[in-house]
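> got a sequence here, can you build the structure:
(one chain, ligands or ions: 2)
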Amino acid sequence: MKGASDQNEDLRALIRTIPDFPKPGIMFRDVTSLLADAAGLRATVARMAAPWEDKGIDKVIGLEARGFILGGAVAYHLGAGFVPVRKAGKLPGKVVTQDYALEYGSATFELHEDSIAPGETVLIVDDLLATGGTAEAGITLLERLGACIAGCSFVVDLPDLGGAARLRALGMDVHTLVAFDGD
Ligand SMILES: O=P(O)(O)OC[C@H]1O[C@H](OP(=O)(O)OP(=O)(O)O)[C@H](O)[C@@H]1O
Ligand SMILES: Nc1ncnc2[nH]cnc12
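Ligands and ions are numbered 1, 2, ... in the order given. A predicted model of the protein is given here:
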């Protein structure tokens, strides 16, 4: 969503780039500098939540780990519940499980089986969209539980890695605030 990405230069200026982390060749877009800025954090949460205010979101789904920080705040802003999708072995109850690959590795996600009732409307939140592998794993888990996915909201989009196109091809409504080209 290039249009929206162009309107958030104040937020872009607060995101720092660290080359060659966690592997050589990766330009790491670090949102900790944005989260640490009081006005930046408040604006980020409000702008991430804005497109979904009238969409009847029951639960916000945060993708571990950075999606927990923004997902919790967006859930509070929308008056919705919060549900974590966690990396394997962290959730104590019965879970559904999905392996996935991302820009610099692979992992396994889990979601509590009883965290979403069939037909509940959910919003997926994470800090950054790169290949879309992480978000697609979250979508797969939510679909297995019968959730109605309203869409996905990210601060950062790396369009060259194709994540937004990949999620839109799955029929997802994807909202991002800041795009970084050249990744
Ligand atoms: O679109 P993708 O290529 O899948 O990459 C995006 C994911 O990568 C980062 O998480 P990471 O797995 O590094 O985990 P962390 O949040 O626990 O640091 C980021 O926070 C997204 O979740
Ligand atoms: N380039 C990047 N910067 C920060 N987080 C990421 N997750 C996947 N790719 C990333």
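
> drop to CA atoms for contacts and neighbour counts, all remaining ones
Fine.

> three-state assignment of D127?
Of the three states, D127 takes strand under DSSP: H, G, I helix; E, B strand; the rest coil.

> would you confirm that it contacts F154?
Yes. Applying C-alpha atoms under 8 Å, one finds D127 in contact with F154, separated by 5.2 Å.

> what do those two both touch?
With C-alpha atoms under 8 Å, 6 or more residues apart in numbering applied, the contact sets of D127 and F154 do not overlap.

> any weak-confidence spans in the chain?
1-6 (pLDDT under 70).

> got the residues of it near ligand 1?
64-66, 102-103, 126-134, 163 (C-alpha under 6 Å from any ligand atom).

> ok, and the most crowded of these?
L129 (28 neighbours; other C-alpha atoms under 10 Å).

> what is the burial count for N8?
Neighbours around N8, by other C-alpha under 10 Å: 18.

> distance of it from P159?
16 Å (C-alpha to C-alpha, to the nearest Å).

> which SS class is P92?
coil.

> burial count for it?
Neighbour count for P92, taken as other C-alpha under 10 Å: 7.

> and A147, how many residues sit next to it?
With other C-alpha under 10 Å as criterion, A147 counts 19.

> for the one 5 residues further on, same thing?
For C152, the count of nearby residues is 25 (other C-alpha under 10 Å).

> shouldn't it be within a helix?
No. Looking at C152 with three-state DSSP, it is strand, so not inside a helix.

> how close does it get to L170?
12 Å.

> any idea how far A39 is from D183?
27 Å.

> please identify the helix or strand for the residue of the chain found nearest ligand 2.
Nearest to ligand 2, among the residues of the chain, is F28, at 3.5 Å (C-alpha to the nearest ligand atom). Using DSSP states H and E, F28 falls within strand 27-30.

> with adjacent residues omitted, what lies nearest to E9?
The shortest distance from E9 to any non-neighbouring residue, by C-alpha to C-alpha, 6 or more residues apart in numbering, is to V178 (7.7 Å).

> what about the strands in the protein?
Ranges of strands within the chain are 16-19, 27-30, 59-63, 81-87, 95-102, 105-112, 121-129, 148-157, 174-179, based on DSSP state E.

> what's the most buried one of those strands?
Most buried of the strands of the chain by mean neighbour count (mean count of other C-alpha atoms under 10 Å) is strand 59-63; its value is a mean of 27.

> tell me how far the residue of the chain positioned farthest from its centre lies from ligand 1.
Ranked by distance from the centre of the chain (C-alpha atoms, centre = their mean), the top residue is P24, with 24.1 Å. Noted for P24: a distance of 15 Å to ligand 1, by C-alpha to the nearest ligand atom, to the nearest Å.

> quick one: R47 from K94, how far?
34 Å.

> so which of those two has more stuff around it?
Remark: of R47 and K94, R47 carries more neighbours, 19 against 12, as counted by other C-alpha under 10 Å.
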